[in-house]
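Student: got a sequence here, can you build the structure:
(one chain, ligands or ions: 2)
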Amino acid sequence: MKVLVTGGAGYIGSHTVLILLEAGHEVVVLDNLCNASREALRRVERLVGRELVFVEGDIRDRALLDQLLVEWPISAVIHFAGLKAVGESVQQPLAYYANNVAGTITLCQAMQAAGVQRLVFSSSATVYGADAPVPYQETMPRGQATSPYGASKAMVEQVLEDLCRSNDLWSVAALRYFNPIGAHPSGEIGEDPQGIPNNLMPFIAQVASGRRNTLSIFGNDYSTADGTCERDYLHVMDLAEGHVAALAHITTPGIACYNLGTGNAFSVLQMVERFSVVNGVEVPYAFAPRRAGDLPAFWADPGKAGAELGWVARRSLDDMMRDTWRWQQRNPYGYRQGYATQTP
Ligand code: NAD
Ligand code: WQD
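Tutor: Ligands and ions are numbered 1, 2, ... in the order given. Next up, the predicted model:
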C-alpha cells in the first residue's frame, strides 16, 4: 500500500515509517521539519535498506496537498503532523489550533477531494480529561481538556466523527497514545527534543549522560504509592506497530478510537530507579513543586486494541530503558552534531 505519513520525520513518525517500510508498504513523508531532522529519515532508509519519498512542506498548504495526492496514488494517510508541547500550547493557543485543528481540516479537505478517505490519526490519552476514572476505556466520553493541546486533539476527534457520519466513504482510526518512550534498538533513531525536554524520559537520559545536572521530580505528595505521578509508558516500537495494525483495519466505514498503552502504570521514582539499575548509571534527582496540569495517575485499558486490531504492547519496561539509553549514548546531542552546552 502507498501511505502518506504526515509528520513522518518526527519521533513517533520516524519509527512508524521504519515499520511500514519493513512491512513492504511504500511511504511518502510530508513534514515541515519544524520539530524534526531530515537525518532521521536518512537513517530509517539505511536501517531498512529501502527508500522513501520525502516532501518538505506543511499540512496547511492545500495546493501542495492537492499536488501530492495527484502525483502519488496514496491509499491511506497516517497523520502525525502537529505541535505537542502542553505548556507551550497554553502560551500559544492560536498556533496549536491553527496547526493541529485547522491543519487537520485542510488535510481532510484535500483527501476528500482526491478520494483518499482512509486515515489513522494521532490522538492522545489527554482527551479523557482530568476527571476520568482509571483505567481509561474508549467507551468513556471525552472529558474537560486540561490544555489547548488537549483540546485540539479532542476537537479533531469530533471533526473526524462528524466527517465519518456525513460520508460513509471515510474510515478512520483515532489512536489514543499513552506515554511513548524508548527508541529503535539500533540506537540510530530516537526522541530528539529541542532545548530543555518537557517529557520525563529524555530528561532522565540527558541527566544520566551528564548533559544536564539534576532531574526535577515534579511533586512527591500525590495520592500514589510513593507520592510521585504514575503513567502508562509504552515502547515507541510497539506504538509504531500499532499504526500498521490500524492501517490494516480501516476498511469499514466510520471512526473507531483505540487506546495504545500497556495497561500498567509506573511512578516517576520507579522510572528513575529502573533506568539506573538496568543501565548501571546514576540519575541525580531532587523533588520540586508539582507541575501545573499534571494528573496523579492514569493508564490504559488496551483491551479493545487487542481484540479488534490484534495489537498488544510486547516490549518490557527494561527494553524501554535500555533502548532509550543506547540512543542517548550514541547521539548525545540527538541528530545535531557538535552542539555542546550544559544546562541544569
Ligand atoms: P514530533 O514533534 O516528534 O513529530 C511531529 C512532526 O510533525 C514533526 O516532525 C514536525 O516537524 C511535524 N509537523 C508539525 N507541524 C507540521 C505541519 N504543520 N506540517 C507538516 N509537518 C508538521 O512529535 P511526536 O512525539 O512524534 O508526536 C506525533 C503525533 O503524536 C503528534 O500529533 C502528537 O500530538 C501525538 N502524540 C504524541 C505523544 C507523545 O508523547 N509523543 C502522545 C500522544 C500523542
Ligand atoms: C511524565 C511524568 C511529570 C518531566 C505528556 C502530555 C500528554 C502526552 C504525553 C501528547 C509526570 C513527571 C516530567 C520532568 C518530572 N503527549 N516529570 N520531571 O505529562 O504524562 O504526558 O506527554 O499527547 O498529553 O501531557 O508526560 O513525560 O511530561 O511526564 O517529574 O522533568 O513525569 O510530572 O508525572 P505526561 P511527561
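Student: quick one: low-confidence ranges for the stretch 151-300 of the chain?
Tutor: Within the stretch 151-300 of the chain, no stretch has pLDDT under 70.
Student: all helices of it, in order?
Tutor: For the stretch 151-300 of the chain, the helices defined by DSSP state H, counting those that start in this stretch occupy 200-208, 236-249, 268-279.
Student: the second one to helix 200-208, inter-axis angle?
Tutor: Between the axes of helix 236-249 and helix 200-208, defined by axes from the mean of the first three to the mean of the last three Cα atoms, to 10 degrees, the angle is 150 degrees.
Student: could you export helix 236-249 as PDB, CA atoms only?
Tutor: Coordinates of each C-alpha in helix 236-249 appear next as PDB, following Å, rounded to 0.1, in the frame of the first residue of the first chain:
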ATOM      1  CA  VAL A 236       7.700   3.600  20.700                       C
ATOM      2  CA  MET A 237       8.300   0.500  18.500                       C
ATOM      3  CA  ASP A 238       5.200  -1.100  20.000                       C
ATOM      4  CA  LEU A 239       3.300   2.100  19.300                       C
ATOM      5  CA  ALA A 240       4.700   2.200  15.700                       C
ATOM      6  CA  GLU A 241       3.400  -1.400  15.200                       C
ATOM      7  CA  GLY A 242       0.000  -0.300  16.400                       C
ATOM      8  CA  HIS A 243      -0.200   2.100  13.400                       C
ATOM      9  CA  VAL A 244       0.400  -0.700  10.900                       C
ATOM     10  CA  ALA A 245      -2.200  -2.800  12.700                       C
ATOM     11  CA  ALA A 246      -4.700   0.100  12.500                       C
ATOM     12  CA  LEU A 247      -3.900   0.700   8.800                       C
ATOM     13  CA  ALA A 248      -5.000  -2.900   8.000                       C
ATOM     14  CA  HIS A 249      -8.200  -2.300  10.000                       C
END
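Student: quick revisit: of all the helices of the stretch 151-300 of the chain, which lies closest to ligand 2?
Tutor: helix 200-208 (3.6 Å; Cβ to the nearest ligand atom). Where you see a C-beta, it was placed from the backbone N, CA and C, and this is true even at glycine.
Student: tell me what the closest one is packed against?
Tutor: Other elements packing on helix 200-208 under the criterion 3 or more Cβ pairs under 8 Å, 6 or more residues apart in numbering; DSSP states H and E are strand 179-181, strand 215-218, helix 268-279, helix 317-330.
Student: in the third one, what counts as buried?
Tutor: Counting neighbours by 16 or more other Cβ atoms under 10 Å, one finds that the buried residues in helix 268-279 are 268, 269, 270, 271, 272, 274, 275, 276, 278, 279.
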